[in-house]
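1. for reference, the sequence and a predicted model appear below.
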Amino acid sequence: MIGQQLFAQAGAPSVGTRTELATDIRDARLLDVSPDGKRLCLCSSRRPLSSAVFVSPGNRAYRSEPGEASLHVVDIESGSTVYSKQISGGIGTAGFFSGGKRLYFETSFPGVTTYRQIILDLPTGVLTERSAVRNGNKNNYEYTALDDNALLGIEVSPNPYLIQSLLRVGSDDLHEIARVPYAPTDVRGPGNRDTSPVISSDRKKVAYGVSSSLVVRRTNNLELIWATPIEPGYFGIRRLSLTPDGSIVAVSVVDTTAYEHQRKYYISICDSEKRVQIARLPVNGSEGIGISPNGQILAVGKRIIEGRDIRLGIELCQVGSGKMIAQSEHDRIPPGRYQSLVASFDVDGVRFTSDGKYLITSGNNHVKLWNAHSLTN
């Protein structure tokens, strides 16, 4: 059981420095970071919120006006554009394959059941597309990039929302390679306690929350590595983050999904191979968490109400002591029509690059890169 013992107690904040800003990107949101930590995949749009749909518990899917969104792949060090294309419809999920030379993403139009599954070959710029249909009365499938020949998928029943299965399929024709039940036991809680799968940068491990338990699997055959329940008395797992090889998993646990009403929470740091908890921090990580490649630093997203404004902040803590060592502000959202919707970090909007050089924050159609090398080393 994770969270049962307190290994690291968060002390009074002792802020040694403010994290140094390296890059500020407006009118964009982060879709993925290449496995080697060298490239960003971004969705650029000046009007990202024509509609907001909650596709799974706590995960917002932003859909752009038709013809308005653009897909960009950018080299982090040089800032040069590797690939750029205007995309018809809104861009949903997107991810690099393990080699970093191909990209999988999906596009759709609001209110239209047909969507496109696209594989982009970055060296040639060639797009391979196929159409798919989401049916409101049947189970549907959602995919993300894995290794160079496979996708990781989930089978989702819509009414009520419940993730039924985890799949490994071929990237070219979606032929099924492996399938396991999403929950490792027959006992299931409601679907709003489940999270989407989070994949390690090396694409070899996947972790997710299901029915108030943490589950870690290998991606090559979906073999179960570890399944362990969270502490009793909590709603469930809200956010997850993995080190590049998936050996360390950070898990945010809360008592309710409503951020303003959360009173009980903690972040558990676990060794997935040894199957033990190595630290427990009494910190609210509901807005987003990112574990550094060496497993020593935890970045935590914060949503702070200041007067009528909402501030998106970031705090960096030492895993061993729980002490805050740095903090920064990602963005400040003034009162407005969409304030309550945009004033949050994106899914996976707090994460380190796999080489530990940068911390990336993404939220409110705004991406920032912070120099983190001195902190993670």
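-> Yep, that arrived.
2. which ones are touching residue 222?
-> Neighbouring residues of residue 222 by Cβ atoms under 8 Å, 6 or more residues apart in numbering: 166, 167, 168, 178, 179, 180. The C-beta positions use only the backbone N, C-alpha and C, and glycine is treated the same way.
3. how near is it to residue 179?
-> Using Cβ to Cβ, to the nearest Å, residue 222 is found at 7 Å from residue 179.
4. overlap in contacts, these two.
-> Common neighbours of residue 222 and residue 179 (Cβ under 8 Å, 6+ apart) are 166, 167, 168.
5. most neighbours of all those, which one?
-> Most neighbours among the shared contacts of residue 222 and residue 179, by other Cβ atoms under 10 Å: residue 166, with 23 neighbours.
6. pretty sure that one sits against residue 177.
-> No - judged on Cβ atoms under 8 Å, residue 166 makes no contact with residue 177 at a distance of 11.7 Å.
7. pull the distance from stretch 243-255 to the chain's centre.
-> 11 Å (Cα atoms, centre = their mean, to the nearest Å).
8. flag every buried residue along that stretch.
-> 243, 244, 246, 247, 248, 249, 250, 251, 252, 253, 254 (16 or more other Cβ atoms under 10 Å).
9. among those, which pair sits farthest apart?
-> 244 and 254 (25.9 Å; Cβ to Cβ).
10. from residue 195, how far out is the residue nearest the centre of the chain?
-> The chain has residue 348 as the residue nearest its centroid, 2.5 Å off, counting by Cα atoms, centre = their mean. Going from residue 348 to residue 195 by Cβ to Cβ gives 11 Å.
11. identify the contacts common to those two.
-> Between them, residue 348 and residue 195 share no contacting residue, judged by Cβ under 8 Å, 6+ apart.
12. for residue 138, the count of nearby residues, please.
-> For residue 138, using other Cβ under 10 Å, the count is 10.
13. then residue 185?
-> 10.
14. assumed it was part of a strand.
-> No - with the criterion set as DSSP: H, G, I helix; E, B strand; the rest coil, the secondary structure at residue 185 is coil rather than a strand.
15. residues in contact with it?
-> Residue 185 neighbours (Cβ under 8 Å, 6+ apart): 211, 227.
16. C-alpha coordinates for stretch 204-213, PDB please?
-> Output of stretch 204-213 as PDB, limited to C-alpha atoms (Å, rounded to 0.1, in the frame of the first residue of the first chain):
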ATOM      1  CA  LYS A 204       9.400   0.600 -21.700                       C
ATOM      2  CA  LYS A 205       7.100   1.100 -18.800                       C
ATOM      3  CA  VAL A 206       3.600   2.400 -18.300                       C
ATOM      4  CA  ALA A 207       1.800   3.500 -15.000                       C
ATOM      5  CA  TYR A 208      -1.700   4.500 -14.300                       C
ATOM      6  CA  GLY A 209      -4.300   4.700 -11.500                       C
ATOM      7  CA  VAL A 210      -7.300   2.400 -11.500                       C
ATOM      8  CA  SER A 211      -9.900   1.800  -8.800                       C
ATOM      9  CA  SER A 212      -7.700   3.600  -6.100                       C
ATOM     10  CA  SER A 213      -4.600   1.500  -7.000                       C
END
